[in-house]
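1. Output the structure for:
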Amino acid sequence: MMWQCHISSSECRCYRLNGFSLPKRLPINLSTGSRILEQSVGQWLDSIGMQQYESKLVLNGFDDVRFMGANIMEEQDLRELGIHEVGHRRRILQAARSLPK
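-> Here you go, the predicted model:
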């Protein structure tokens, strides 16, 4: 399953590329943010003990830690990506929601 924007198509601000929806990212000033925003998704997942899900997230559009702090990820997204363990979904969502916005 590929990532799909949850906003109506008339309001969607995503890029379309070969059938994939890729979110447009807002510029973030890293000098005022946390150093965690400089990590790759793999490093971030490793820091929360969920590194086994890196390819599932990255291949489905969740490829930038700076963007994931915007509460764009939902439990249904993780379920559709094949993350079946409830505790793992909760850990990933809690960590994503604690990222600087």
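
2. which residues in the protein form helices?
-> For the chain, the helices defined by DSSP state H cover 41-47, 54-59, 65-68, 75-80, 86-97.

3. The residue nearest to I83 when sequence neighbours are not counted: how many residues sit nearby?
-> Counting by Cβ to Cβ, 6 or more residues apart in numbering, I83 lies nearest to R89, which is 5.4 Å off, once chain neighbours are set aside. All C-beta spots, glycine's among them, are computed from the backbone N, C-alpha and C. R89 sits with 21 neighbouring residues when counted by other Cβ atoms under 10 Å.

4. Check Y53 too.
-> 21.

5. ok, now the one 3 residues further on?
-> Residues near K56, counting by other Cβ under 10 Å, number 16.

6. Look up how far S40 lies from it.
-> For K56, the distance to S40 (Cβ to Cβ, to the nearest Å) stands at 15 Å.

7. Model confidence at F67, what's the number?
-> pLDDT for F67: 82.
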